[in-house]
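**Student:** I'd like to go over a predicted model; first the sequence, then the structure.
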Amino acid sequence: MFEKILSRLWKKNITPAKKESDAAPRDLSPQQPENTSFAPRWMDATDPGNPFGIAGCDCFAYTQSLRSTTSQQNVESYFNLRGDFGKRLIGLLPDNCMEIPCSLEYPYAGEIADGALFKSQAMEEKWDIYLYQSRIYFCRSWTGVLAYVGEIEFNDGKVRIHKIYAPREIAEDDTEYAIRQVDYLNKNHLFKSVEPHPLPKNFPLDLDKIAAFSFSQYGSKCCFATYEDTINFKCPPRKPV
């Protein structure tokens, strides 16, 4: 099932369909699906049903079946932030951050205007992304908290991120994860590419925990978690549906 769904997504070049948010004030945990067919599963790189060709946790059905549930305060914060276009962030850096050199590169054609590059349209989408003055700002969509800042340059038909600022609590013990997360947000949220998303190197190999962590980080905009290198990942040739 997973292979056929992902093949259709690739063919249409779209992200998974959005769902309406459950705005009722509840606890902070996602609402768990009752159907056990939504349970995450581990897939080896050689698994014939694995469309990515690297080992990881298939959590697509899980992340598409959940609804975000939270307090009324968080719901109000989320909807208030839908009118925020990020100008408040200009010149800011994440709290207690560290500077990490990197080399991320993406195709670039034409000019990109300052402003919102990606705005969450449902509470199952966890990020807002803005561009101002050659910096990309990555914020959590519910709270507006600034998580990452990337310094960019445009030339030779490419956009390059050569430095990011990341919270020490995330990056100090795993700088590569911080870089991979920024890379995934660019590829998936901005370029609408269906790709594996990164896991921290020391995250426990527990499928339920991996699926819950994935939803907390990316909501409905993720499908396959991996410990492998996601920056240099190249999707294998598509298989016939």
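**Tutor:** The structure has been received and is ready for your questions. Model, not experiment: these values are computed from the prediction. Residues are numbered from 1 along each chain as shown.
**Student:** hmm, residue 148 is touching residue 138, no?
**Tutor:** Yes. Between residue 148 and residue 138 there is a contact under C-beta atoms under 8 Å: 4.1 Å. Backbone N, C-alpha and C define where each C-beta goes, glycine included.
**Student:** what touches both of those two?
**Tutor:** Here residue 148 and residue 138 have 182, 185 as joint contacts, going by C-beta atoms under 8 Å, 6 or more residues apart in numbering.
**Student:** wait, residue 182 touches residue 149, no?
**Tutor:** No. If you go by C-beta under 8 Å, residue 182 and residue 149 don't touch, sitting 9.3 Å apart.
**Student:** now the common contact residues for the two.
**Tutor:** 138, 164.
**Student:** neighbour-wise, which of these two wins?
**Tutor:** residue 182 (25 against 22; other C-beta atoms under 10 Å).
**Student:** can you tell me how far the more buried one sits from residue 135?
**Tutor:** Distance, residue 182 to residue 135, by C-beta to C-beta, to the nearest Å: 12 Å.
**Student:** do residue 50 as well
**Tutor:** If you go by C-beta to C-beta, the gap between residue 50 and residue 135 works out to 37 Å.
**Student:** name the next helix or strand following the lowest-mean-pLDDT helix or strand in the chain along the chain.
**Tutor:** The helix or strand of the chain with the lowest confidence, counting by mean pLDDT, DSSP states H and E, is helix 2-12 at a mean of 36. Using DSSP states H and E, the helix or strand that follows helix 2-12 towards the C-terminus is strand 41-43.
**Student:** please name every helix or strand in contact with the helix or strand just after that next one.
**Tutor:** Downstream of strand 41-43, the first helix or strand assigned by DSSP H and E is strand 56-58. Under the contact criterion of 3 or more C-beta pairs under 8 Å, 6 or more residues apart in numbering; DSSP states H and E, strand 56-58 touches strand 41-43, helix 207-218, strand 224-226.
**Student:** run through who's touching strand 56-58.
**Tutor:** With contact meaning C-beta under 8 Å, 6+ apart, strand 56-58 is reached by 2, 40-43, 50, 196, 207, 210-211, 214, 223-228.
**Student:** sorry, back to before: now the helices and strands packed on strand 56-58 in a markdown table, with distance to residue 96?
**Tutor:** Output for those, formatted as a markdown table (distance: least, C-beta to C-beta, whole Å):
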| stretch | distance to residue 96 |
| --- | --- |
| strand 41-43 | 35 |
| helix 207-218 | 20 |
| strand 224-226 | 26 |
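**Student:** quick one: which of those is nearest residue 59?
**Tutor:** helix 207-218 (4.2 Å; C-beta to C-beta).
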